[in-house]
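> the sequence isn't on hand, but the structure is:
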Ligand code: XIL
């Protein structure tokens, strides 16, 4: 059995070309990854091939979210997530769990309910216990709580916040830790990469949690960017550094860069996109506590961003036909230069 496992691993590894994101990132001890959509993973061989060749960590895009795994109060469904985990295992890749508590992924049976505080606490605890136990030992990290803070830096008005109060955050971390003490537990949020109101609010939240002994290991920077107002690399570096001082890791968790907001020809906008990808990777590479650089997909064929036929968005690093874009080449170059 052991021999067989080793053989499979060796075979997968030997198929990884020396010029791939995965090969180069691995040499530097950094995880490079992409969000995975369950559908193409099932029936698109090209999708599978590029994914396994270029990345060493995956995040299920929707397959572990509340409404996917817990569609009815008394029913759980792990089919899609399990398929992603099995793909990762076959190709010797890690998996990030995403996400246990996110108000936008609540199923209707929760949103349209009138549960009391006690009931919601029970539901959340049972959800976290069940889901984290199911995946125990299979994930490197969990985005335990996602997007709890508003753009103005206030606690968001989610169902959890309204009915339970801010305590839901620390409880979620404690419950997750109980069921999988090995997984790194992350607070994940959007638009808090640089310095400003939002990232200060995230910083204050995680500082308070750490000081009170809540089991929190890191902060996820979603990094959904556009060409108009990307964060300054030096601000992102400072932000990562102040989190290091709290003993926290950082994962870049959902990077993509919209090009439709920018000016110039398409070629110029793709070049600008490439340079943003490479700057952010460089910041992560240079920070000892930045351990993962994960994109929200990898091909423009499958992106969560708007796709209209006359003005298609192209936020990722491979085009619709899996051809490498300037952004891919820029990432390769960045990894080579800093090797
Ligand atoms: C998005 C998915 O990409 C979409 O397919 C889904 O319809 C909605 O969620 N921040 C997050 C991710 O943390 O989970 C979101 O993913 C994108 C924004």
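Ah, there it is. Keep in mind the model is a prediction, meaning the values are calculated, not measured.
> tell me the contacts of the residue nearest the centre of the chain?
For the chain, the residue lying nearest the average C-alpha position, counting by C-alpha atoms, centre = their mean, turns out to be residue 253 (3.1 Å). Taking C-beta atoms under 8 Å, 6 or more residues apart in numbering as the contact definition, residue 253 lies against 59, 96, 98, 143, 186, 188, 220-223, 292, 294. The C-beta positions use only the backbone N, C-alpha and C, and glycine is treated the same way.
> tell me the secondary structure for it?
Following DSSP: H, G, I helix; E, B strand; the rest coil, we place residue 253 in the strand state.
> re earlier: so which of the contacts of residue 253 are also by the ligand?
Intersecting those with the contacts of the ligand gives residue 222 (criterion: C-beta under 6 Å from any ligand atom).
> what about the residue in the stretch 101-250 of the chain that the ligand sits nearest to, neighbour count?
Using C-beta to the nearest ligand atom, the single residue of the stretch 101-250 of the chain nearest to the ligand is residue 146, 5.0 Å away. Applying other C-beta atoms under 10 Å, we find 23 residues neighbouring residue 146.
> please apply the same query to residue 44.
Burial of residue 44 is recorded as 17 neighbouring residues (other C-beta under 10 Å).
> go on, residue 188?
Other residues near residue 188 number 26, with proximity taken as other C-beta under 10 Å.
> what's the spacing between it and residue 327?
Counting by C-beta to C-beta, to the nearest Å, the gap from residue 188 to residue 327 is 22 Å.
> those residues of this protein touching the ligand, which are they?
Within the chain, the positions lying close to the ligand (C-beta under 6 Å from any ligand atom) are 61-62, 146, 190, 222, 254, 304.
> repeat that with 5 Å
Within the chain, the residues that sit near the ligand (C-beta under 5 Å from any ligand atom) are 61, 146, 304.
> pLDDT score assigned to the closest residue to the second one other than its chain neighbours?
So that's residue 146. Beyond its immediate neighbours in the sequence, the residue positioned closest to residue 146 (C-beta to C-beta, 6 or more residues apart in numbering) is residue 102, lying 3.8 Å away. The per-residue pLDDT reported for residue 102 equals 98.
> and the strands in the stretch 101-250 of the chain?
For the stretch 101-250 of the chain, applying DSSP state E, counting those that start in this stretch gives strands covering 141-146, 184-189, 218-221, 224-226, 249-258.
> look at the residue of the stretch 201-339 of the chain found nearest the ligand and give its secondary structure.
Among the residues of the stretch 201-339 of the chain, residue 304 lies nearest to the ligand; the distance is 3.1 Å by C-beta to the nearest ligand atom. Three-state assignment for residue 304 (three-state DSSP): coil.
> so what's the residue nearest to residue 146 up against?
In this structure, residue 102 makes contact with 65-66, 145-147, judged by C-beta under 8 Å, 6+ apart.
> ok, now with 10 Å
Taking C-beta atoms under 10 Å, 6 or more residues apart in numbering as the definition of contact, the neighbours of residue 102 are 65-67, 143-148, 158, 160, 188.
> from residue 134, how far out is it?
18 Å.
> and what of residue 297?
Counting by C-beta to C-beta - residue 297 and residue 134 are separated by 25 Å.
> with neighbour numbers in mind, choose between these two.
Taking residue 297 and residue 134 together and counting by other C-beta under 10 Å, residue 297 has the greater number of neighbours (24 against 16).
> element containing the more buried one, please.
Element membership for residue 297 (DSSP states H and E) is empty, with no helix or strand holding it.
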